[in-house]
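[1] no letters, just coordinates:
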C-alpha cells in the first residue's frame, strides 16, 4: 500500500455546493437565498443590539457597576509554600534575592508571600514581605525566625 492508494470511505466526504455559478448548476441567480429581504443581502446578522422588536440583549441584562473591576494599583505577590523552603540548608537566610536565584518566583519584581502548605524541619531565617500565621508558626516551631520587610 502506498500513500497514493489511500482514499476516504465512500460517502464520508461531500463536495461543497458552489452557489451563484449559473442556472445549470442548480443554485444560480439568487444562490438559494430566495428573493429580496434582509437575509438575501450580504453581511446579514451579527448585530446583537438589533433583535427585531425584542428588547436588545444588552438592555435585558441587569445594570451593574464595578462588577469584575480589578484595581490598577493592586499588589500581586509571588507565593511560596513552606514545603518549598524545606529544600534550603539549615540556618540559611531566605530573602527575595535568594528565592529569585533559586527560580522560585513567578515574577521577580513582585513581593514575596509565604504560605503554610507543607511541613518544614530545618531552621531558617526568613525575610519576606508577607507571611501567613500558619507558615510563621511552622517556621518558628522548626527553630527558625521570621522578619517582615516593609
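    Received the coordinates, thanks. Values in this document were obtained by computation on a predicted structure and should not be read as measured data.

[2] distance of the residue in the chain sticking out farthest from the centre from residue 18?
    Most distant residue from the mean C-alpha position of the chain: residue 24, 51.7 Å away (C-alpha atoms, centre = their mean). Relative to residue 18, residue 24 is positioned 12 Å away (C-beta to C-beta, to the nearest Å). For every residue, glycine as well, the C-beta is placed using N, CA and C.

[3] and the helix or strand bottoming out on mean pLDDT in the chain, what's buried?
    Within the chain, judged by mean pLDDT, DSSP states H and E, the helix or strand with the poorest mean is helix 57-60; its value is a mean of 83. Of the residues in helix 57-60, none has enough neighbours to count as buried (16 or more other C-beta atoms under 10 Å).

[4] next secondary structure after that helix?
    Past helix 57-60, further along toward the C-terminus, the next helix or strand under DSSP states H and E is strand 78-81.

[5] tell me the mean pLDDT for that next one?
    Mean pLDDT, taken over the full extent of strand 78-81, equals 95.

[6] can you classify residue 146 as helix, strand or coil?
    Following DSSP: H, G, I helix; E, B strand; the rest coil, the label given to residue 146 is strand.
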